[in-house]
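J.: need coordinates for the below:
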Amino acid sequence: MAAAISQQTNHAPEAMANAIAPTIGRAIKEQIHLETVSMATPLRCHGTDRSHCQPLTKS
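T.: Down below sits the predicted model:
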């Protein structure tokens, strides 16, 4: 019985990782995209994090 239980618990983190991995991958791609865009574009930022940044448009 103990072997069956330990086998089940061993698969749980793996299943969790498989479920989370695509989300993390997407988040990293978006972050890289944001970084590349922000390097190319001057930004006006509100607050300390860059989630409130807006590209400065030439007026």
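J.: quickly note the distance from L34 to P22.
T.: 19 Å (CB to CB, to the nearest Å). In short, each C-beta sits where N, CA and C put it, glycine included.
J.: of those two, who's got more company?
T.: Higher neighbour count among L34 and P22: L34, with 13 against 9, using other CB atoms under 10 Å.
J.: ok, that one to A12 distance?
T.: Spatial separation of L34 from A12 under the definition CB to CB is 33 Å.
J.: then E30?
T.: According to CB to CB, E30 and A12 sit 28 Å apart.
J.: tell me how many other residues crowd Q54.
T.: By other CB under 10 Å, the residues close to Q54 number 10.
J.: so what pairs up with it in the strands?
T.: In this structure, Q54 has the following beta-bridge partners (DSSP bridges): R44.
J.: check it and give its pLDDT.
T.: Residue-level confidence at Q54 comes out at 70, pLDDT.
J.: ok, it to T23 distance?
T.: Taking CB to CB as the measure, Q54 falls 26 Å from T23.
J.: how about I32?
T.: 15 Å.
J.: same check, this time on K29
T.: Plainly put, K29 is 11 Å away from T23 if you go by CB to CB.
J.: where's E14, which helix or strand?
T.: Mapping E14 onto the secondary structure by DSSP states H and E places it in helix 2-40.
J.: low pLDDT regions in this protein?
T.: 1-11, 37-43, 45-53, 55-59 (pLDDT under 70).
J.: hmm, 50 instead?
T.: When residues are selected by pLDDT under 50, none of them lie in the chain.
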